[in-house]
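Colleague: what would the 3D arrangement of this be:
(one chain, ligands or ions: 1)
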Amino acid sequence: MEIDNNENQSVDNENDLSVPVIPIEHPNEEKELTLAEYKPGKALYKSVLPGILQVPADLILAMSRKSSLWPMTFGLACCAIEMIASYMAHYDLDRFGSVPWPSPRQSDVMIVAGTVTKKMAPAVRRLYEQMPNPKWVISMGACATNGGPYTRYDRVLQGVDKVVPVDVYVPGCPPRPEALLDSFLVLQEQIMEDRKAAGK
Ligand code: SF4
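Modeller: Numbering: from 1, shown residues only. The predicted model follows:
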């Protein structure tokens with residue numbers, strides 16, 4: 001008696017649930033469903049998806065962080081006018097992915113722009129603590145850095161780094177918007193460097 005091999009194969013496949021059943025009437029599909037050939041020493045996804053880029057996840061995170069720095073919007077004195085000018089059309093800080101944000105809850109950069117009085121210092125500290133991690137601080141101008149013209153004033157804090165950790169200091173009285181833009185570039189480099197240091 002003659003045995004139909006194809007019919008026999010279909011019956012075997014139906015009984016064995018671990019073997020995927022490929023309908024033989026669609027040879028093109030059968031060809032496409034053939035498992036990719038595995039070459040030792042080469043990742044399988046490189047055969048299946050040629051041209052795919054493989055990068056560490058922490059690099060993607062660091063690039064995302066540095067390209068979406070959201071500074072909290074508050075100003076303490078005359079330096080704040082220069083900070084506001086940096087957000088305007090001429091200097092356009094937004095092109096760095098920087099979005100001024102009116103809440104510490106979603107901000108990740110604090111720009112201390114102006115004189116920090118001892119009365120204001122606890123509020124600056126509280127705002128810093130309300131920001132989520134990771135977060136960075138830019139001390140903008142001589143006043144925020146070391147008291148500036150008010151070094152002999154007892155009621156002025158002689159440097160905001162006494163209440164919050166500062167990452168970038170911007171010199172000047174007041175610093176120009178270009179200097180603040182430069183501090184963002186420095187902060188971006190620092191974020192990439194921190195990522196390398198964390199990988200050691
Ligand atoms: S550094 Fe100069 S411009 Fe800035 S807040 Fe102090 S006095 Fe004003």
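Colleague: could you use CA atoms for every contact and neighbour count after this?
Modeller: Will do.
Colleague: which SS state does the residue nearest in space to the middle of the chain fall under?
Modeller: Nearest to the mean C-alpha position of the chain, counting by Cα atoms, centre = their mean, stands Arg65 at 1.2 Å. With DSSP: H, G, I helix; E, B strand; the rest coil as the basis, Arg65 sits in helix.
Colleague: do Tyr128 as well
Modeller: helix.
Colleague: tell me the secondary structure at Leu69.
Modeller: Assignment for Leu69 (three-state DSSP): coil.
Colleague: for it, which non-adjacent residue is closest in space?
Modeller: Ser98 (4.9 Å; Cα to Cα, 6 or more residues apart in numbering).
Colleague: list the contacts for the one you found?
Modeller: If you count contacts by Cα atoms under 8 Å, 6 or more residues apart in numbering, Ser98 has them with 67-71.
Colleague: try Lys42
Modeller: No contacts exist for Lys42 under Cα under 8 Å, 6+ apart.
Colleague: wait, a strand at it?
Modeller: No. Assignment of Lys42 by three-state DSSP gives coil, placing it outside any strand.
Colleague: can you report phi and psi for it?
Modeller: Lys42 adopts backbone torsions of phi -130, psi 130, taken as degrees, to the nearest 10.
Colleague: can you list contacts of stretch 127-143?
Modeller: Under Cα under 8 Å, 6+ apart, the answer for stretch 127-143 is 79, 104-116, 145, 148-150, 158-160, 164-175, 180, 183.
Colleague: one step back: check which helix or strand the closest residue to the residue nearest to the centre of the chain other than its chain neighbours maps to.
Modeller: Nearest non-adjacent residue to Arg65, counting by Cα to Cα, 6+ apart: Ile191, 7.7 Å away. When elements are assigned from DSSP states H and E, Ile191 belongs to helix 177-198.
Colleague: what's the burial count for the residue lying closest to Asp108 once chain neighbours are set aside?
Modeller: Using Cα to Cα, 6+ apart and skipping residues adjacent in sequence, the residue nearest Asp108 is Lys135, 4.5 Å away. By other Cα atoms under 10 Å, the residues close to Lys135 number 18.
Colleague: how near is Lys135 to the ligand?
Modeller: 23 Å (Cα to the nearest ligand atom, to the nearest Å).
Colleague: same deal with Leu44?
Modeller: For Leu44 relative to the ligand (Cα to the nearest ligand atom), the value is 58 Å.
Colleague: got the CA positions of the helix holding Ile191 in PDB?
Modeller: The C-alpha coordinates for helix 177-198 follow below in PDB (Å, rounded to 0.1, in the frame of the first residue of the first chain):
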ATOM      1  CA  PRO A 177      23.600  84.800  29.400                       C
ATOM      2  CA  GLU A 178      26.500  83.300  27.300                       C
ATOM      3  CA  ALA A 179      28.100  82.300  30.600                       C
ATOM      4  CA  LEU A 180      25.000  80.600  31.800                       C
ATOM      5  CA  LEU A 181      24.700  78.700  28.400                       C
ATOM      6  CA  ASP A 182      28.300  77.700  28.900                       C
ATOM      7  CA  SER A 183      27.500  76.300  32.400                       C
ATOM      8  CA  PHE A 184      24.900  74.100  30.800                       C
ATOM      9  CA  LEU A 185      27.500  72.700  28.400                       C
ATOM     10  CA  VAL A 186      29.800  72.100  31.300                       C
ATOM     11  CA  LEU A 187      27.000  70.300  33.200                       C
ATOM     12  CA  GLN A 188      26.300  68.200  30.200                       C
ATOM     13  CA  GLU A 189      29.900  67.100  30.000                       C
ATOM     14  CA  GLN A 190      29.900  66.400  33.700                       C
ATOM     15  CA  ILE A 191      26.800  64.200  33.400                       C
ATOM     16  CA  MET A 192      28.600  62.100  30.700                       C
ATOM     17  CA  GLU A 193      31.800  61.900  32.900                       C
ATOM     18  CA  ASP A 194      29.700  60.800  35.900                       C
ATOM     19  CA  ARG A 195      28.300  58.000  33.900                       C
ATOM     20  CA  LYS A 196      31.800  56.800  33.000                       C
ATOM     21  CA  ALA A 197      32.900  57.100  36.700                       C
ATOM     22  CA  ALA A 198      29.900  55.000  37.800                       C
END
